[in-house]
Structure formats: C-alpha cells, structure tokens
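*Asks:* Here you go, sequence then predicted model.
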Amino acid sequence: MAILDRVVTLRDAGREVLSLCAGEPSGGAPTDVRTLAGELHAGGDPLGYTGPLGTAELRRAIAGHHQRWYGLEIDPGSVAVTTGASGAFVLAFLAAFDAGDRVAVVRPGYPAYRNLLHALDVEPIDIAVGPDTGFRLTTEALDATVAARGPFAGLVLASPANPTGSMMSRDQFAAIASWCAGHDVRLVSDEIYHGITYPTEGPGATSRGTCAWSLDRSTIAVSSFSKYWGMTGWRIGWALLPDDLLGAVDALAGNVALCPPTPAQRVALGAFTERSYAEADRAVEVLAAKRTFLYDSLDRLGWGPVAPVDGAFYLWAGIRGQLGEHPSSTEWCRALLEDEGVALVPGTDMDPIDGGGFIRLSFAASMEVIVEAVDRIASFQQRG
C-alpha cells in the first residue's frame, strides 16, 4: 500500500509510472454484469437490505456455478454471500476459531490472513514453502510443524496461491484435506483464483482448481467475483459453510455488515451467463500470453528461483543476485520506482523472513505495460 501511495504521488507530479503491483484484472466486469448495473440503477429500485447471507437468487446461482465447474450438488442454504472474499475470511475466522487458538498459514502467503488472525487474537503459525516443493505445502511440512511447534486449530490454504501462483493437484490437495481431518484441523480454502489457471497437457489439464468441498464438507471454501470475473471493486464474494458454522456466520454477518452490498448482489447474477464465462475465459488466455512473455524474459532479467505460475497472475521471483548495493527487495523496489517508474511489490510483504530476496510482479496489467516494464527493469539492473 505504501508503494501504491507513492505511485499516486509520482503520477500527480507528472511522472509516467508502470504499476505491476495490484492483484486486479485490468478488463473489469463482464458485459452482462455492466448491462445489469445500468438497468438496475436506471430502474429506481430503492436497493434496500437483503438477508445477512445474501439473496436467495444469488445463493442459488452460486450453487449452480459449483455444479458447472466442479460437479457438486450444493444446498444454496450452505452458501453465504459476503462483502468480498475479505468479508468471508473475517466471518469464517470469527466463527471457526476462538481467541488464543493457533492457525497455520503458508509463507510466502497473502499477508491479510496473518493480519486478520492477529486482529482476532488468534496466533498465526507460519509454514515455509520453497523451491524444493514447488512452493506447495506438503503433509510432511505439516507433520514437522506440529512436531516443532505443537498442534493448531486451523489451516488457511490457497490454490492457486498469492503470491506464488503455485497450485496443488487434486491428489495433493486431497492429502492435505485428509491430514486436516485426521488432526482435527479446520481447513479454510481460499479459492478466489479458481478459473485463472494454466494447466499443462495430461490428466486434469482443464482443471479450474479443486474445490475443498469436493473433498470434505467440514471445510470452509471461500471464493469471489473479484479475480476470474474482474469485479474487484464490486466487493462481492461467498463462502461455502459446514452446518456447524452456518448459524454463527449468519448471526455475525447481521452484526458486522447487516448484508452484502445489494447492488453488487443483483448484478453479480450476470456473471453466470454463457457470455460472461466466455469473456472471462478469453481474459485468462490473454493472461497466459503475458505469463509466457515473462517466462521468456527470465534469462534476460537474471531472476531466480521462480515459483511455478500454475494459476493467478503473479510472478514470485528471487532477485538476490540483482540486489547490488540494496540490502533487500524493499530498498530495491523503492529505487526501481524512483529511478525507472516501475512499481513492484517487495517480497517482505508476503514473507517477513525470507522475502527480502524476492519480489512479486502482477501481470494483470496490459501486455504493453509489461513489455515496457521489463525493458526498464533490465536497464535498472544493468546500471547496478
């Protein structure tokens, strides 16, 4: 956020800045969503409160989406519509864990997991992943964490992951879910990047991701309209909730936000049309081309190790060999922004221990911006 603030300041001063920071698709909402939004606001609907867990119509549509993508039959009553995936995590953490509990998170990982847990007086337990496992969590790492630090009550896991883009196969994910079930650990699955995947040839090549509920319905599966459908600012997401948490989340939701945003709920129905799915899939094809360009640029940049970008739209890359006089990626990113007008995220945001040698590059920007940014980064590194 500090880097994004500086980007705004530099742009206000007339500088051209190429920002590869935000985890935000550049295309925006699908056509049918935007059309519904125009009709909704032109129609004079007062857009009052809905139920705390969302409208019945949207909950049914989300259940239908899970049938389409994962072949799952889901009771719409198990779907909680939330104020973005962020709202889902707040409600899930409040309902599933008590103050003083310990919950495991993967490092490097999305920093809000750790911050939200801290704010709720729940202790996050880091589990480091790295190149040796393709930046993927393993049951061996879970066993080692319990042996070294004792048991924990929950595990937050994303596949595809932010910032690494690493993704588990169905078998790998099933092993993690089975481990959690056997150790009385509540699995919270972050599935917001499902659909933004780059499968290789072979079995499961068309996989959009593994929904945790296809493995174990005692888990919590969180997703969102923000990434695949490009609806970040609409602030609309959802969670699939096991029966033992549904009542608690319902009660909490009515107190935390009364209900999810009504206009966003109404227009989100447009995300489930054939045209919307087709537009989102075409956007993923464009992301795949940008991913290929970045892979082809790695030798030129001299970055490594690099996490496998199985999904999402981030490149998590080691830059220790390019730091030069800069002590860590924080200072390196600051200098790159000031000297070349290119904004990247230093790895310390996602990994406070080892992130000083890494950066996260978001390739959700346009191809033109990415190509120019790579040229500027190469020039910056050549000057040392």
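*Replies:* Arrived safely.

*Asks:* Give me the three-state assignment for Trp229.
*Replies:* coil (DSSP: H, G, I helix; E, B strand; the rest coil).

*Asks:* Give me the neighbour count for it.
*Replies:* Per other C-beta atoms under 10 Å, the neighbour tally for Trp229 reads 26. Bear in mind the C-beta positions are built from the backbone N, C-alpha and C, glycine included.

*Asks:* Distance-wise, check the residue nearest to it when sequence neighbours are not counted relative to Tyr113.
*Replies:* Excluding its sequence neighbours, the residue lying closest to Trp229 (C-beta to C-beta, 6 or more residues apart in numbering) is Ala271, at 4.8 Å. Remark: distance between Ala271 and Tyr113 (C-beta to C-beta, to the nearest Å) = 25 Å.

*Asks:* Also Trp238?
*Replies:* Applying C-beta to C-beta to Trp238 and Tyr113 gives a distance of 18 Å.

*Asks:* In terms of neighbours, single out the busier of these two.
*Replies:* With neighbours defined as other C-beta under 10 Å, Trp238 and Tyr113 compare such that Trp238 has more, 29 against 22.

*Asks:* Verify the stated contact: the more buried one with Ala63.
*Replies:* No. With contact defined as C-beta atoms under 8 Å, Trp238 does not count as touching Ala63 (9.8 Å).

*Asks:* so the residue nearest to Trp229 makes contact with Phe225?
*Replies:* Yes. Using C-beta under 8 Å, Ala271 makes contact with Phe225 at a distance of 5.7 Å.

*Asks:* which residues do the two both contact?
*Replies:* With contacts defined as C-beta atoms under 8 Å, 6 or more residues apart in numbering, the residues shared by Ala271 and Phe225 are Met231.

*Asks:* Name the residues of the host helix or strand of Glu372 that are buried.
*Replies:* Assigned by DSSP states H and E, Glu372 belongs to helix 367-382. Using 16 or more other C-beta atoms under 10 Å as the test for burial, helix 367-382 gives Val369, Ile370, Glu372, Ala373, Val374, Ile377, Phe380, Gln381.

*Asks:* who touches that helix?
*Replies:* Residues from elsewhere that reach helix 367-382, judged by C-beta under 8 Å, 6+ apart: 18, 20, 286, 289-290, 293-294, 297, 300-302, 322, 324, 335-336, 339-342, 363, 365.

*Asks:* For the stretch 51-200 of the chain, which segments count as helices?
*Replies:* For the stretch 51-200 of the chain, applying DSSP state H, counting those that start in this stretch gives helices covering 56-70, 84-96, 111-119, 139-149, 170-182.

*Asks:* May I have the phi/psi pair for the residue lying closest to Val17 once chain neighbours are set aside?
*Replies:* Leaving aside its sequence neighbours, Val17 sits nearest to Gly341 (C-beta to C-beta, 6+ apart; 4.6 Å). Backbone torsions for Gly341, taken as degrees, to the nearest 10, come to phi 70, psi 30.

*Asks:* wait, isn't Gly341 in contact with Ser19?
*Replies:* No. Judged on C-beta under 8 Å, Gly341 makes no contact with Ser19 at a distance of 9.3 Å.

*Asks:* The biggest helix by length in the chain versus helix 367-382: what angle between them?
*Replies:* When the chain is parsed with DSSP state H, its longest helix is helix 274-301. Per axes from the mean of the first three to the mean of the last three C-alpha atoms, to 10 degrees, the angle that helix 274-301 makes with helix 367-382 is 20 degrees.

*Asks:* Low-confidence stretches in the chain?
*Replies:* Scanning the chain for pLDDT under 70 picks out the ranges 200-206.

*Asks:* how about stretch 262-281: buried residues?
*Replies:* Neighbour-count burial for stretch 262-281 [16+ other C-beta under 10 Å]: 262, 264-273, 276-277, 279-280.

*Asks:* List of residues touching the helix or strand harbouring Trp238?
*Replies:* Taking DSSP H and E as the definition, Trp238 sits inside strand 237-240. With contact meaning C-beta under 8 Å, 6+ apart, strand 237-240 is reached by 54, 62, 66, 74, 78-88, 91-92, 192, 211-213, 217, 220-226, 249.

*Asks:* Give me the spatial nearest neighbour of Asp244, chain neighbours excluded.
*Replies:* Nearest residue to Asp244 in three dimensions, chain neighbours excluded: Ser218, at 7.8 Å (C-beta to C-beta, 6+ apart).
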